[in-house]
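Undergrad: sequence first, then the predicted structure:
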Amino acid sequence: MNPTAIPSPYTPGEAPSVLVGRGAQLADAQADLALLATYARFLGRVRVHVGSRGVGKTSLLKAVRDEATGAGAVVAWVTARGDESLVAALVAATARALDDIGVDISRRTPLRDRLQSLTLELGAGPASAGVELDVRPAGAPDSGASSAAFGAFVTAAATAARERGSAGLCLLIDEIQAAPREDLRTLAYAWQELQQASPEPAAVVIAAGLPNTPDVLTAAVTFSERFAFRTLERLSRADAAEVLEAPAREHGVAWRPDLLAEVVDLAQGYPYFLQLYGDAVWREAGPAEGDELGPDLLPRTRARVDDELATMFRARWVKATPGEQRVLGGMAELTGAAEDDVRRGALADHLSLTSNDLSVPRRGLLDKGLIEVAGRGALRFTVPGFAAWIRQETGG
Ligand SMILES: Nc1ncnc2c1ncn2[C@@H]1O[C@H](COP(=O)(O)OP(=O)(O)OP(=O)(O)O)[C@@H](O)[C@H]1O
Ligand SMILES: [Mg+2]
């Protein structure tokens with residue numbers, strides 16, 4: 001090992017050192033935050049960035065969090081889960097963020113009262129310590145009352161934040177598709193009602209979720225105009241090259257164009273793969289400042305990446321139920337090496353299932369982010385290479 005070797009600047013599975021190709025999304029967030037900071041505006045639409053696993057949702061949301069902090073907002077971050085009340089988690093995260101700027105909820109009458117009535121509405125445990133909130137989902141509370149209570153809490157929190165000189169409240173929700181429906185309803189109704197509030201609370205919600213998020217939200221709230229969806233796409237070739245080159249450049253290390261082009265091909269614009277390949281190339285090379293990364297590195301790099309992908313694919317495979325695995329196997333057989341989309345009808349025929357039988361495993365796989373809808377009546381895998389791995393694994 002070269003003693004002067006620079007540690008890998010690539011970040012498979014973590015937020016990247018350089019966020020490439022998301023300028024439009026960040027500009028939207030900046031515009032919202034400017035309205036919040038300058039005019040204490042309430043942003044009545046919830047922006048939701050939707051995209052496949054590994055396309056960069058969490059990384060984007062983290063960059064938004066940095067923007068929001070930079071704009072002087074009180075920022076609450078929640079990763080939604082099915083076994084946790086999203087609203088309670090948002091309230092707890094907001095209380096912690098307020099505490100950070102010296103707002104002690106337990107000593108502020110309006111906030112404390114709001115928190116207590118919200119706690120009652122949610123059926124959660126007593127909010128004695130102010131921020132200690134029981135976040136288990138509480139059956140089916142009356143969403144009218146809980147949305148009013150949540151709205152009142154948001155208003156009180158935003159007021160307290162502004163009084164402290166903060167820009168307002170920025171709520172960030174990752175994996176929003178996983179939240180319990182009741183909570184999505186409470187959030188949506190609260191945001192609807194706050195639209196008419198006077199004065200309006202300085203607050204914004206920005207969220208990220210899997211491609212099935214619009215379906216999940218529409219099923220939860222019947223009206224989904226409150227939500228503005230935007231799809232996070234894979235990266236263009238130029239952006240993909242930049243993902244590889246920018247971290248190396250910072251260390252005075254260059255990619256030879258031939259290696260760069262090959263890795264860009266292999267990664268198919270998929271940010272997670274770019275980071276995996278970048279990391280593997282770097283570890284193979286162990287470069288020092290002034291070095292160049294060339295195509296001789298590729299064979300051993302590919303072997304490393306294939307090992308890591310096999311581990312990831314196995315982890316995803318075992319999360320699928322036997323019925324879901326059968327559907328994945330059928331899709332892997334029907335999709336060619338080019339990983340074409342699979343028509344739902346063809347899949348049902350292939351597996352000798354009625355389209356009714358197919359619907360439960362299909363939904364499960366969509367919810368887990370293993371497959372996605374590819375236009376009318378067609379499905380596809382969300383991650384390149386998964387189909388080939390399944391074919392190999394199942395001997396198909
Ligand atoms: N714009 C980008 N530029 C460079 N690297 C990126 C970018 N977006 C994501 N990445 C990298 O891609 C990988 C996946 O990113 P991230 O975890 O944000 O995806 P995700 O959509 O949240 O995935 P999941 O659905 O599994 O939670 C990480 O290694 C991250 O460093
Ligand atoms: Mg994520």
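TA: That came through, no problem. Numbers count the residues shown, from 1 in each chain. Ligands and ions are numbered 1, 2, ... in the order given.

Undergrad: what packs against the host helix or strand of Ala346?
TA: For Ala346, the host element (DSSP states H and E) is helix 344-350. In terms of contacts (3 or more CB pairs under 8 Å, 6 or more residues apart in numbering; DSSP states H and E), helix 344-350 is packed against helix 322-334, helix 355-367, strand 378-381. Bear in mind the C-beta positions are built from the backbone N, C-alpha and C, glycine included.

Undergrad: got a list of contacts for the last one?
TA: Looking back up the chat, that one is strand 378-381. Contacts to strand 378-381, defined as CB atoms under 8 Å, 6 or more residues apart in numbering, come from residues 331-332, 335, 339-344, 347, 362, 370-374, 387.

Undergrad: and if you look at the second one?
TA: Residues lying outside helix 355-367 but in contact with it, judged by CB under 8 Å, 6+ apart, are 177, 210-212, 320-321, 323-324, 326-328, 344-345, 347-348, 351, 371-373, 379.

Undergrad: buried ones in it?
TA: Buried positions in helix 355-367, judged by neighbour count with 16 or more other CB atoms under 10 Å: Leu358, Pro361, Arg362, Gly364, Leu365, Leu366.

Undergrad: what about stretch 382-396, distance to the chain center?
TA: Averaging C-alpha positions (CA atoms, centre = their mean, to the nearest Å) puts stretch 382-396 24 Å from its chain's average.

Undergrad: rounded mean pLDDT for it, please.
TA: Averaging pLDDT along stretch 382-396 gives 88.

Undergrad: buried sites along that stretch?
TA: Quick answer for stretch 382-396 (16+ other CB under 10 Å): Thr382, Val383, Pro384, Gly385, Phe386, Ala387, Ala388, Trp389, Ile390, Glu393.

Undergrad: would you list those residues in a markdown table and tack on distance to Glu84 and secondary structure?
TA: Listed next are the buried residues of stretch 382-396 as a markdown table, based on distance: CB to CB, whole Å; DSSP: H, G, I helix; E, B strand; the rest coil:
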| residue | distance to Glu84 | secondary structure |
| --- | --- | --- |
| Thr382 | 24 | coil |
| Val383 | 26 | coil |
| Pro384 | 32 | coil |
| Gly385 | 32 | coil |
| Phe386 | 28 | helix |
| Ala387 | 33 | helix |
| Ala388 | 36 | helix |
| Trp389 | 32 | helix |
| Ile390 | 32 | helix |
| Glu393 | 33 | helix |
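
Undergrad: could you dump stretch 236-248 to PDB, C-alpha only?
TA: C-alpha atoms of stretch 236-248 as PDB (Å, rounded to 0.1, in the frame of the first residue of the first chain):
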ATOM      1  CA  SER A 236     -26.900  12.300 -18.200                       C
ATOM      2  CA  ARG A 237     -23.500  11.100 -19.500                       C
ATOM      3  CA  ALA A 238     -21.900  14.500 -18.900                       C
ATOM      4  CA  ASP A 239     -23.200  14.600 -15.300                       C
ATOM      5  CA  ALA A 240     -22.100  11.000 -14.800                       C
ATOM      6  CA  ALA A 241     -18.600  11.800 -15.900                       C
ATOM      7  CA  GLU A 242     -18.600  14.700 -13.500                       C
ATOM      8  CA  VAL A 243     -19.600  12.500 -10.600                       C
ATOM      9  CA  LEU A 244     -16.400  10.400 -11.300                       C
ATOM     10  CA  GLU A 245     -14.100  13.300 -12.200                       C
ATOM     11  CA  ALA A 246     -15.000  16.000  -9.600                       C
ATOM     12  CA  PRO A 247     -13.900  14.100  -6.400                       C
ATOM     13  CA  ALA A 248     -10.600  13.000  -8.200                       C
END
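
Undergrad: can you list contacts of it?
TA: For stretch 236-248, contacts defined as CB under 8 Å, 6+ apart pick out 9-10, 16-18, 20-21, 235, 254-255, 260, 263-264, 267, 269, 271, 274-275, 277-278, 282, 287, 293.

Undergrad: among those, which ones are in strands?
TA: Within those, residues falling in strands by DSSP state E are Ala254, Trp255, Leu293.

Undergrad: which one of the residues in the stretch 101-250 of the chain is closest to ligand 1?
TA: Ranking the residues of the stretch 101-250 of the chain by distance to ligand 1 (CB to the nearest ligand atom) places Val243 first, at 4.3 Å.

Undergrad: next one: the chain
TA: Gly56 (2.5 Å).

Undergrad: list the contacts of the residue nearest to that residue when sequence neighbours are not counted.
TA: Excluding its sequence neighbours, the residue lying closest to Gly56 (CB to CB, 6 or more residues apart in numbering) is Pro271, at 4.6 Å. When contacts are counted by CB under 8 Å, 6+ apart, Pro271 is found next to Pro16, Gly54, Val55, Gly56, Ser59, Arg234, Leu235, Val243.

Undergrad: most surrounded residue in those residues?
TA: Gly56 (30 neighbours; other CB atoms under 10 Å).

Undergrad: ligand 2 versus that residue, what's the distance?
TA: 8 Å (CB to the ion, to the nearest Å).

Undergrad: ok, now how distant is that residue from Val216?
TA: 20 Å (CB to CB, to the nearest Å).

Undergrad: now Glu14, what's its secondary structure?
TA: coil (DSSP: H, G, I helix; E, B strand; the rest coil).

Undergrad: around it, count how many other residues there are.
TA: 11.
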